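> any chance you could fold what I've pasted below:
(3 chains, ligands or ions: 3)
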Amino acid sequence: MKAMNRRKFLKGSLLGGAAASVISKRKNADASSSFGGYPDAMGVLVDLTRCIGCRSCEAACNKEQGLPAPAQSFDDLSVLDHERRTSEGAYTVVNRYEIPGKDHPLFRKIQCNHCNEPACLTSCFVNAYTKTPEGAVIYDATVCVGCRTCMIACPFYVPAYSYSSVLNPVVQKCIFCYDTRLKFGRPPACVEACPREVLTFGKRKDLIKIGNQRIQNHPDLYEDHIYGEKEVGGTSWMYLSSAPFDQVGFDTDLGTQPILSYVKEFLTVVPMVLTIWPALFAGFHLLATRKDKQKKEEKSEI
Amino acid sequence: MEQIQKYLYGAVLVSLLCFSPLQNFAVAGDGPDEVEIDSLAQLYEPVYFDHAMHEEVTDSNCAVCHHHTLGTQIEDENCMRCHAESGATDEIACQECHSSNRFEAEDLARIDADKTLYHRDKVGLKAAYHIRCMNCHEEMGAANGCQDCHSRTDAGNKFFHAGNYAPPESDKPAGGGH
Amino acid sequence: MKTLIANGKIPLATHYNDDRSAKWSVKDKLLLGLSLSEYLAQAFRNPLNWFFAVIFSFGGYVTITRFIFGLGYVTHSSYDYPWGLFLGFGLFVMVPLSASGFMLGTAVEVFGRDDFKPIERLALLNGLLGYLFAVIFLQVDLGQPWRLIYPMFVSLGPAAVLFLVAWHVATYLTVQVAELVPAFAEMMGMPKLKTFIKSMILGLTIAGIILSTLHQGALGALFTYAPYKVHPLWMSAPFQWFHYFCSSVFAGLSMLIVVSTICKKTMAWRCDDNFLTSLDRLTIGLAKGATLALITYLVIKIIAIAHDGDWGYLASGWGQWYMLEMIAGVILPMILFTISIRNNLPGLARFAALIAVLGIALNRLNTALFTFNWKLYQEIPHWRELVITITVYCLFIATYRFVLYRLPILYTWKKDEEAAS
Ligand code: SF4
Ligand code: SF4
Ligand code: SF4
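Numbering: from 1, shown residues only, chains lettered A, B, ... in the order given. Ligands and ions are numbered 1, 2, ... in the order given. Below is the predicted model of the structure:
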């Protein structure tokens, strides 16, 4: 709640800075309710110790999201030789990491992490993103202007852009299969396709318990950390790993603060400038010109 | 579910290295000779699981796959806490316990409703097969590729963009973008 | 033009033609009082125009391909570097260099420093065109430029920093147009319009100060969305907006010195005596302002490093790059400005201003491109991206010159009576 109030306050201040008159009520309501962690948000716990890098999840996502045919078959594992990132043609990709001192590599599936307080959402100036109560961070391509600030803001380098399109380039990222599945309470396509249940789908708060239980039962197997439980304010997709997280491609420097908190220093300045500046400079003007006037009067007296 | 896995690893080793028939309540030959696993056949053809052969391989230690359900002695301490004395159960087939619609809403709701349920993190049927089979195959150096056990259907080839549906040869790097 | 003036032509600066028999028509005003053939002849004589011709024919073609084949054709379509030169240079460098408008507006209209009047309009024009072209750069870069007004009227994301930038730049452009209307009104002979604007000039100026403070700062705050991507030495969440605002002060003033120098050197015929004679004094005046801002900037930069505990980074390669930027782009001009003020050396101040301008450009490019994704690989822009950037910048220069030749920016429009006497 606290976070929500702060948000409303900040937003109000920016509005004042722009033009309070032209705000549509509907969008406003949407935006304010979209912040904060939803109690029943769903999530996925990704357990790297189980992943075999079969790319079934990639194939499932490709089909579910109607993405273009891949350049290579999904059973072609040679693509794992290079580290890949999400792209306009692939909302999720699996990468292989050789772990020093271990004879088995680890595989990591990446996709949008569906942050609790998404940086993409907070940075978007047309409010194209929505965090749904189900936990998905979805995107409205019909209002996107294409400034790509969300790509700058996402700490996980997730959103991609269809640069090749001339008339309708849009941001492309995993949407947690919201339209086709999550909305109806069904698991995402990639979760369903995974043969080894690397991806455990459930309520986010339950997944944290499950993750902790796995760590507790097998302290020798798991790193004692659920990546995403706290990172940048918490994410709906979280990870367990048997190798230190920085060895499997995670950015372990991300703090626990949501990205918004870094921006708020500036956002709180806005109302100050708006209220103080006019009075201040009008005052300066009076002072400066009064001197002039006095001078003139003095001159005329002489 | 990891506790089961770990236990199973141990069980395989134990049964191979210091086999003791007294540990087994079930006897070789009691089980079916062959099981057709078709519950998930869509992208892949059904698997014909040679149960008899696997009994042999595990030296008839049913617990390797069936946990405590056949009354076999449990080794994993986590499991032992409850199942040391629990004996054989009525249901022994994998799908009796491992749900084949693991993450569907009803399944999640069922787990959610039972606040005292201990096995909240029990893998679904597909994962139960793949984790059990593949971990053991790897351990034993047996064939472990997807199509070593089940050949892909036409729908599967389409799904993977492979076989007849393979993309034309191209020198484009996989993935694309940076 | 010089040749023409040597031949006795007087540059157009009144409503009436030389022998006061008739009013200049709009066409005459556009052709600088020359006949069409004279005008074309002088244009052909100017080598800069030949240079522009080459740039525009090739660069114009490349620019058009961006709209035909999409961004993917002219850039590397990088997902990791979503902002390339168009924004890195066009937005983040152009905007601080255009901060001159609000500062001179403040000095003259708010603080009553009428001694800066001769250069006020040039400052306003520099601001207006800088912003205008920043928006043009933005239009080149946006995926769907035709949706530019969406953040204003269609779908609003009022909690986003870019929302503030969009609104403020739009409003500020309007303010600057209004502030320059008097010049236009003089030339077109519309005194009422001028009086009308003059009556609200104080309000406009103060609006300009607010808008400028906020959006100059907001450009910095945009990078606080990527606290882990920009190198810590260039990124300090609590101070970022203030760094950007403060540096825009000396960037704008230095750019004004540079532009006024160029005007003096290349189009002295268009400047009136008032401008030419006071320029040296004004340059020193501007240098004083810039020096103060430079000192403040240097101090808050150091405070930010101390606050964030980034000293350790200074020893790294990035740290040396940072020191280079600070020494060459901030400390050096600061020293040169100080010497020039002490010894009244406007020439040196001009040189210092040029360095400061380059320094600030380097700072913005460093934040937006070079140190962005410092943990990843370095992105080298596509050559087409570079060509388009140069083309749009040349268009900026050409427009700048077009306006300076005509509107009473560098010269004072002679009142009818004066012209008659
Ligand atoms: S991972 Fe990136 S794209 Fe996904 S919700 Fe978080 S900030 Fe947005
Ligand atoms: S949740 Fe859906 S969109 Fe996201 S990676 Fe999985 S299949 Fe793709
Ligand atoms: S489908 Fe499962 S096992 Fe296969 S690559 Fe994806 S996450 Fe790993």
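> what about residue C:261, how many neighbours?
Applying other C-beta atoms under 10 Å in any protein chain shown, we find 19 residues neighbouring residue C:261. Any C-beta I mention is one placed from the backbone N, CA and C, and that applies to glycine too.
> next one: the one 4 residues further on
Residues within reach of residue C:265, counting by other C-beta under 10 Å, total 9.
> ok so it is a helix residue?
Yes: counting by DSSP: H, G, I helix; E, B strand; the rest coil, residue C:265 is part of a helix.
> and the helices in the stretch 1-150 of chain A?
Remark: helices assigned in the stretch 1-150 of chain A by DSSP state H, counting those that start in this stretch are A:2-17, A:25-33, A:56-64, A:119-123, A:149-153.
> what residue lies at the spatial centre of the chain?
I went with chain A, as the question did not name one. For chain A, the residue nearest the mean C-alpha position is residue A:118 (3.6 Å; C-alpha atoms, centre = their mean).
> that's the wrong chain, I meant chain B
Short answer for chain B (C-alpha atoms, centre = their mean): residue B:129, at 2.2 Å.
> contacting residues around that residue?
B:37, B:94 (C-beta atoms under 8 Å, 6 or more residues apart in numbering or on different chains).
> what separation do you get for it and residue A:113?
In this view, residue B:129 and residue A:113 are 29 Å apart by C-beta to C-beta, to the nearest Å.
> you'd agree the residue nearest to the centre of chain A is up against residue A:137?
Yes: if you go by C-beta atoms under 8 Å, residue A:118 and residue A:137 touch, sitting 4.9 Å apart.
> with adjacent residues omitted, what lies nearest to residue C:90?
residue C:137 (2.5 Å; C-beta to C-beta, 6 or more residues apart in numbering or on different chains).
> touching, that neighbour and residue C:93? I think so.
No: Residue C:137 is beyond contact range of residue C:93, at 9.5 Å (criterion: C-beta under 8 Å).
> near chain A, which residues of the stretch 1-150 of chain C show up?
Residues of the stretch 1-150 of chain C lying near chain A by C-beta under 8 Å from any C-beta of the partner chain: C:67-72, C:75, C:77, C:79-80, C:82-83, C:106, C:109-113, C:138, C:141-145, C:147-148, C:150.
> for the residue of the stretch 101-250 of chain A found nearest ligand 3, grab phi and psi.
Relative to ligand 3, the nearest point of the stretch 101-250 of chain A is residue A:194 (3.2 Å; C-beta to the nearest ligand atom). As for residue A:194, its main-chain torsions (degrees, to the nearest 10) stand at phi -60, psi 120.
> burial count for it?
27.
> got a list of what it touches?
A:56, A:57, B:127.
> most neighbours among those residues, please name it.
Going by other C-beta under 10 Å, residue A:57 tops those with 26 neighbours.
> now that one, nearest residue through space, not along the chain?
residue A:190 (3.7 Å).
> what about the one helix or strand that neighbour maps to and ligand 2, touching?
Assigned by DSSP states H and E, residue A:190 falls within helix A:189-193. Yes: counting by C-beta under 6 Å from any ligand atom, ligand 2 is contacted by helix A:189-193 at A:189, A:190.
> check which helices and strands the next helix-or-strand element following that helix sits against.
Per DSSP H and E, the first helix or strand lying C-terminal to helix A:189-193 is strand A:199-203. Packing partners of strand A:199-203 (3 or more C-beta pairs under 8 Å, 6 or more residues apart in numbering or on different chains; DSSP states H and E): strand A:42-47, helix A:189-193, helix A:204-217, helix B:105-113.
> just the ones you listed: most buried one?
When the helices and strands packed on strand A:199-203 are scored by mean count of other C-beta atoms under 10 Å in any protein chain shown, the highest mean neighbour count falls to strand A:42-47 (a mean of 26).
> any idea of the angle it forms with strand A:199-203?
Here strand A:42-47 points in a direction 150 degrees away from that of strand A:199-203 (axes from the mean of the first three to the mean of the last three C-alpha atoms, to 10 degrees).
> please see if strand A:42-47 touches ligand 3.
No: judged by C-beta under 6 Å from any ligand atom, strand A:42-47 and ligand 3 are separated, with a smallest distance of 7.1 Å.
> report the distance from that strand to the chain centre.
16 Å (C-alpha atoms, centre = their mean, to the nearest Å).
> need the residues that contact it.
A:108-109, A:114, A:134-136, A:176, A:182, A:188, A:191, A:197-204, A:207, A:210-211, A:214, A:226, A:235-240.
> that older thread, quick one: mean pLDDT for the helix holding residue A:190?
Averaged across helix A:189-193, pLDDT comes to 93.
> for it, the distance to its chain's centre please.
For helix A:189-193, the distance to the chain centre is 21 Å (C-alpha atoms, centre = their mean).
> circling back: from residue C:323, how far off is the residue nearest to residue A:57?
In this view, residue A:190 and residue C:323 are 47 Å apart by C-beta to C-beta.
> returning to what we had before: ok, of the helices of the stretch 1-150 of chain A, where does mean pLDDT dip lowest?
helix A:25-33 (a mean of 37).
> thought residue C:336 was touching residue C:347?
No: taking C-beta under 8 Å as the definition, residue C:336 is not a contact partner of residue C:347, at 10.5 Å.
> low pLDDT regions in the chain?
Because you didn't say which chain, this covers chain A. For chain A, the stretches with pLDDT under 70 are A:1-36, A:290-302.
> should've been chain B
Applying pLDDT under 70 to chain B flags residues B:1-30, B:38-41, B:170-178.
> hmm, back to that, which of the residues of the stretch 1-150 of chain C next to chain A count as buried?
The neighbour count (16 or more other C-beta atoms under 10 Å in any protein chain shown) marks C:70-72, C:75, C:77, C:79-80, C:82-83, C:106, C:109-112, C:138, C:141-144, C:147-148, C:150 as buried among the residues of the stretch 1-150 of chain C next to chain A.
> what's the distance between stretch B:122-140 and the middle of its chain?
Stretch B:122-140 has its C-alpha centroid displaced from the chain centroid by 4 Å (C-alpha atoms, centre = their mean).
> what about it and ligand 3, any contact?
No: Stretch B:122-140 lies apart from ligand 3 when judged by C-beta under 6 Å from any ligand atom; the minimum separation is 8.3 Å.
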